[in-house]
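Novice: The following comprises the amino acid sequence and a computationally predicted model.
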Amino acid sequence: MNLSKALQQHQPLPSDEIDLFELFGAIWKQKKLVVGCTLLAGLLGVGYAYLAPKVYEVSSVLRPAAINELDALNRSEVYKLPPAEALTKVAAQLDSYETRLSFFRANPELFKAFQQPGRSLEQSFEAFNNNAVQLTIPDLKNSDSPNNYVRLEMQYPSGVDGTAILNGFVTYAIAQQRDQVGADLKVIVNNRLNELKGKINAARANYETDKSLQIAKLLEADKVERAQLQDELSALRLQMQAQRTSRLAELAEAISIAKSIGIKLPTTPSAMGAEAQRGSSQVMRTEVTNQKIPLYFMGTEALEAERAALARRTNDDFTNTRVAEIGKELRMLEVNRKVEVLSSRQTEDMFLQDVERLRTEEARLRGLNIDMSGLKLVTVDRQALEPLDPIKPKKALIIALSLVAGLMLGILVALIRHFIRAQRKIGPLSVSDDPLLPRR
């Protein structure tokens with residue numbers, strides 16, 4: 001008995017090394033437990049895969065429109081919109097919070113599933129906006145790249161018409177951007193028209209100023225000329241009056257002389273000498289002299305008759321032809337035909353300078369008739385289609401993972417049970433029972 005006891009006490013202690021074959025054998029002995037855990041986890045995975053809420057996904061792809069689709073807008077020379085820029089604007093509209101909220105408000109029937117009791121409309125929209133719609137926008141800076149596109153994805157639970165929501169939202173965003181382009185075009189055209197109107201009004205004001213200045217100059221020139229003619233006429237009349245007074249004095253003197261020498265009828269110095277030599281023969285005399293015959297030789301009768309006529313004269317205008325010319329010029333100055341024509345113009349815009357180009361541009365802008373309803377900003381390369389299968393839950397993956405997890409759990413439980421049993425078989429080793437240790 002003592003020998004066997006000593007042999008038992010001197011058995012080697014268990015090693016810290018793990019025997020893989022022993023572990024495999026222990027697991028194999030508990031294969032029912034492992035298989036049970038695997039099947040249980042698989043059943044749970046199958047239940048979750050078939051009972052979890054289904055999530056579907058739809059997508060739509062937009063690409064730049066053809067150049068001819070935007071040709072009418074670009075040829076207007078008012079609003080330039082290349083296809084790549086149009087795609088960028090539509091992408092910004094799709095990503096706009098305000099656009100999404102407006103579409104959410106405008107289509108309450110489509111979003112009943114997202115509206116929860118106790119939440120406001122904006123809170124319900126936040127749940128949809130943050131989790132449902134994802135926008136993928138590549139680098140659109142390179143406008144010449146043929147691979148420019150915008151991708152819109154939406155995930156939604158069963159019971160929601162995601163196809164209608166996504167297609168409707170794309171159509172709504174494109175329509176919003178089209179309306180924005182139309183509003184921008186209208187504002188730009190109105191601003192251009194106002195600018196042209198201002199330039200034409202400025203040209204009309206300049207014309208009115210020039211016309212008023214021209215009329216003023218013409219009237220002033222007429223006034224100056226009229227005053228000069230009036231002055232000339234007054235001076236001429238004074239001159240003729242002085243000449244008449246001088247003539248009367250000269251006639252009075254000549255009459256006095258003629259009376260003193262007894263000349264009543266007109267005569268000449270040679271005639272007076274011949275009268276002194278009376279003879280019977282008739283002689284014809286011709287007098288040639290370069291001296292002026294004195295006035296009194298006209299005789300008193302002629303001189304007195306002239307003096308009487310001059311004394312009775314009240315106006316000397318007929319004696320000078322210049323008076324008549326001045327009267328004619330004054331009469332013509334009473335009405336300035338140039339001023340009359342300038343003042344009576346009816347269509348004054350015809351005489352405006354350098355406004356033909358402005359009027360042509362104004363007529364062109366007013367004649368712009370771009371059909372914004374038919375403006376195609378982007379091409380819908382792919383519309384959202386009803387999905388055939390949900391993207392969540394992924395049944396095969398869930399079942400496979402659950403089976404793997406069940407298998408690993410079963411193996412872990414089997415190993416734990418094996419180590420617990422092994423520990424129980426060895427039991428606690430008392431230090432006092434070791435014969436190699438010194439006894440007290």
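Specialist: All right, it came through fine. Numbering: from 1, shown residues only.

Novice: can you pull the pLDDT of Q383?
Specialist: pLDDT, Q383: 88.

Novice: Could you do R278 as well?
Specialist: Reported pLDDT for R278: 54.

Novice: and if you look at N142?
Specialist: N142 is given a pLDDT of 53.

Novice: Show me what the longest strand seen in the chain is packed against.
Specialist: For the chain, the longest strand by residue count, based on DSSP state E, is strand 55-64. Applying 3 or more Cβ pairs under 8 Å, 6 or more residues apart in numbering; DSSP states H and E, one finds that strand 55-64 contacts helix 83-94, strand 150-157, helix 162-261, strand 378-382. Where you see a C-beta, it was placed from the backbone N, CA and C, and this is true even at glycine.

Novice: would TSV of these with distance to Q134 and mean neighbour count be doable?
Specialist: Listed next are these as TSV, based on distance: least, Cβ to Cβ, whole Å; neighbours: other Cβ atoms under 10 Å:
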stretch	distance to Q134	mean neighbour count
helix 83-94	11	20
strand 150-157	5	20
helix 162-261	11	15
strand 378-382	16	16
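
Novice: Worst mean pLDDT among those?
Specialist: Among these, strand 150-157 carries the lowest mean pLDDT (a mean of 85).

Novice: ok, residues contacting that strand?
Specialist: 53-63, 87, 90-91, 94, 113, 131-137, 162, 165-166, 169-170, 378, 384, 391-392 (Cβ atoms under 8 Å, 6 or more residues apart in numbering).

Novice: just stretch 383-390 next, same as before
Specialist: 54-60, 154, 158, 162-163, 166-167, 170.

Novice: quick one: buried residues of that stretch?
Specialist: Going by neighbour count (16 or more other Cβ atoms under 10 Å), the buried part of stretch 383-390 is 384, 390.

Novice: and it, how far out from the chain's middle?
Specialist: Relative to its chain's centre, stretch 383-390 lies at 42 Å (Cα atoms, centre = their mean, to the nearest Å).

Novice: What of stretch 339-353?
Specialist: Centroid separation for stretch 339-353 versus its chain: 35 Å, with Cα atoms, centre = their mean.

Novice: And that stretch, end to end?
Specialist: 20 Å (Cα to Cα, to the nearest Å).

Novice: Next: stretch 70-89.
Specialist: 14 Å.

Novice: And for stretch 312-328?
Specialist: 27 Å.

Novice: quick one: T245 and A252, what's the gap?
Specialist: 11 Å (Cβ to Cβ, to the nearest Å).

Novice: cool, A422 as well?
Specialist: 181 Å.

Novice: and what of A173?
Specialist: 118 Å.

Novice: And A113, by the same measure?
Specialist: Plainly put, A113 is 135 Å away from A252 if you go by Cβ to Cβ.

Novice: now A363
Specialist: For A363 relative to A252 (Cβ to Cβ), the value is 85 Å.

Novice: Can you give me the buried ones in stretch 38-46?
Specialist: Buried-residue list, stretch 38-46, by 16+ other Cβ under 10 Å: 38, 41-42, 45.

Novice: What average pLDDT does it get?
Specialist: Mean predicted confidence for stretch 38-46 is 85.

Novice: picking that back up, I'd like the buried residues of stretch 38-46 as TSV, with secondary structure appended.
Specialist: Shown next, in TSV, are these (DSSP: H, G, I helix; E, B strand; the rest coil):
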residue	secondary structure
T38	helix
A41	helix
G42	helix
G45	helix
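
Novice: Q180: which of those residues is nearest?
Specialist: G45 (50.7 Å; Cβ to Cβ).

Novice: what sits against the nearest residue to that closest one once chain neighbours are set aside?
Specialist: Distances taken as Cβ to Cβ, 6 or more residues apart in numbering put S402 closest to G45, at 2.4 Å, once the chain neighbours are dropped. By Cβ under 8 Å, 6+ apart, the contact set of S402 is 41-42, 44-46, 48.

Novice: any idea how far S402 is from V323?
Specialist: S402 sits at a distance of 134 Å from V323 (criterion: Cβ to Cβ).

Novice: Also E22?
Specialist: Relative to V323, and taking Cβ to Cβ, E22 is found at 157 Å.
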